[in-house]
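Peer 1: Kindly generate the corresponding structure for this input.
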Amino acid sequence: MLATGSLKHLLQYKGCWWDYYQEHQSNIRPVVTENITKILSCGTSIRGSAVYCCPSNDCTHTKYVQFTCKSRFCPSCGKKATSAWIQNQMEILPKTSWQHITFTMPKTFWRLFSLNRHLLNELPTLAAKAVSSIADKQNIKLGLFTALHTFGRDLKWHPHIHLSTTTGGIRNKQNWKSIWFKKKSLMQAWKYHIVSLFRRHYQNGTLSLPDSLEQMLPDYQSFNNWLNRQYNKIWIVHCNKPSKNAFHNVNYLGRYIKRPPIAQSRLKHYDGNIVVFDFLNHKNKKHQDFCCSSNEFIERFIQHIPDKNFRLIRYYGFLANRNRGAMLPIVYNLIGQIVQKTLPPRYNYLMKKELGFDPLKCILCGNRLALQNIVVGKNQKQIISQHQNLALMKPCKF
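Peer 2: Numbers count the residues shown, from 1 in each chain. As a prediction, this is how the structure comes out:
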């Protein structure tokens with residue numbers, strides 16, 4: 001029985017993932033298979049390793065550090081990517097007032113985005129438009145970035161957008177002008193953009209409807225009337241109070257952007273049939289246990305793996321890639337910020353920070369281990385060819 005453990009062990013225990021894969025193979029997206037295979041191979045010799053040796057002539061200690069898979073859905077790799085992303089953002093983002101805004105939509109729309117995953121690509125831009133259109137009226141160029149989340153705390157499908165924006169921007173490339181955002185005006189703009197998105201794709205024939213809606217809404221007129229009813233509902237757009245700098249926003253988003261939808265610390269129990277994990281119920285603000293079958297857990301987990309090359313984090317305004325080279329120096333000058341570059345965190349630094357020990361310190365004599373050799377691992381195509389062996393914890397054959 002696996003009382004507690006890693007996501008990787010859960011997927012391998014009693015062939016959990018392989019049984020699911022065999023049963024649902026025809027409906028599993030290739031990107032899901034690729035990411036699960038990465039998780040299963042993470043930290044194994046198949047990916048190669050770095051060989052460290054003690055420099056002392058009197059010590060024979062040798063250490064092999066297996067390479068990781070670098071998948072965002074791998075808990076260990078996601079943690080490292082999170083630390084690097086947060087550090088990079090804190091160097092780049094202007095040290096000024098920021099506001100975190102969350103854009104949600106009625107539950108009736110969630111299924112539409114599940115059936116039409118290509119529409120997820122447009123959500124970040126629509127949220128950015130809702131905010132920047134208000135600033136544009138005052139001729140203010142903001143700096144903002146968005147993060148798409150498709151999951152709730154219990155891993156249900158819940159697409160929504162987290163957006164962080166400066167509460168000020170450049171006006172005429174000469175002044176820094178403050179601006180405030182009101183929930184009501186943002187909600188109206190967000191509702192308009194989402195409803196227009198569905199109308200456009202319905203008319204273009206690029207929108208699939210669930211069977212229940214397709215029977216209820218046989219033509220454009222009935223579909224448009226249904227959209228109008230959804231539009232008239234109150235949509236939740238949550239505006240946090242502005243913070244003095246971007247650290248809180250970046251740190252909050254970093255916990256989700258570069259990590260899998262569920263942290264390993266939340267996995268409490270798995271016996272080969274039932275999975276139990278902890279989640280925070282937003283309704284009563286209490287931690288609760290969620291119990292489900294292994295198949296349901298896998299379905300809930302893999303639905304949040306984005307399509308290949310999908311960008312979960314996007315930048316707009318003076319932070320957009322096409323603008324930041326020319327505009328960020330102006331921003332730094334206006335707010336009096338001096339940018340200092342630092343190196344990304346390395347393996348030994350992260351281990352020290354998280355676990356409290358230096359992995360490159362010789363356990364026998366205390367000397368600093370030196371890199372001796374690099375063992376090259378297999379490429380991704382070769383690793384995927386060993387999908388079954390990895391899932392069933394059998395030796396890989398090449």
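Peer 1: Could you look up the SS state of the residue lying farthest from the centre of the chain?
Peer 2: Among the residues of the chain, the one whose C-alpha is farthest from the average of all C-alpha positions is Asp58, by C-alpha atoms, centre = their mean at 47.1 Å. Assigned state for Asp58: coil (three-state reduction, DSSP: H, G, I helix; E, B strand; the rest coil).
Peer 1: Quick check, it in contact with Cys365.
Peer 2: Yes. Contact between Asp58 and Cys365 holds when scored by C-beta atoms under 8 Å: they sit 7.3 Å apart. (Glycine included, C-beta is placed from N, CA and C.)
Peer 1: In the chain, what residue spans correspond to strands?
Peer 2: Secondary structure of the chain (DSSP state E): strands at 48-53, 62-66, 98-103, 143-151, 157-166, 168-171, 175-178, 237-239, 267-270, 274-281, 286-293, 313-317, 370-376.
Peer 1: got any residues that touch both of Asp58 and Cys365?
Peer 2: Overlap between the contact sets of Asp58 and Cys365, as judged by C-beta atoms under 8 Å, 6 or more residues apart in numbering, is nil.
Peer 1: Name the spans of the chain whose pLDDT lies under the cut-off.
Peer 2: Low-confidence segments of the chain, defined by pLDDT under 70: 1-5, 246, 249, 252-259, 342-351, 353-355.
Peer 1: Tell me where the longest helix sits in it.
Peer 2: helix 183-204 (DSSP state H).
Peer 1: quick check: angle from that one to strand 157-166?
Peer 2: Relative orientation of helix 183-204 and strand 157-166, computed by axes from the mean of the first three to the mean of the last three C-alpha atoms, to 10 degrees: 130 degrees.
Peer 1: name the helices or strands packed onto helix 183-204?
Peer 2: Of the remaining helices and strands, those touching helix 183-204 by 3 or more C-beta pairs under 8 Å, 6 or more residues apart in numbering; DSSP states H and E are strand 98-103, helix 123-136, helix 220-231, strand 237-239.
Peer 1: Quick one: closest of the ones you listed to Asn309.
Peer 2: Proximity to Asn309 (C-beta to C-beta) singles out helix 123-136 among the helices and strands packed on helix 183-204, at 14.6 Å.
Peer 1: Buried by neighbour count: which residues of that closest one qualify?
Peer 2: Leu123, Pro124, Leu126, Ala127, Ala128, Lys129, Ala130, Val131, Ser132, Ile134, Ala135 (16 or more other C-beta atoms under 10 Å).
Peer 1: Ok, stretch 285-294 next?
Peer 2: Residues of stretch 285-294 classed as buried by neighbour count (16+ other C-beta under 10 Å): Phe290, Cys292, Ser294.
Peer 1: Perfect, I'm done here.
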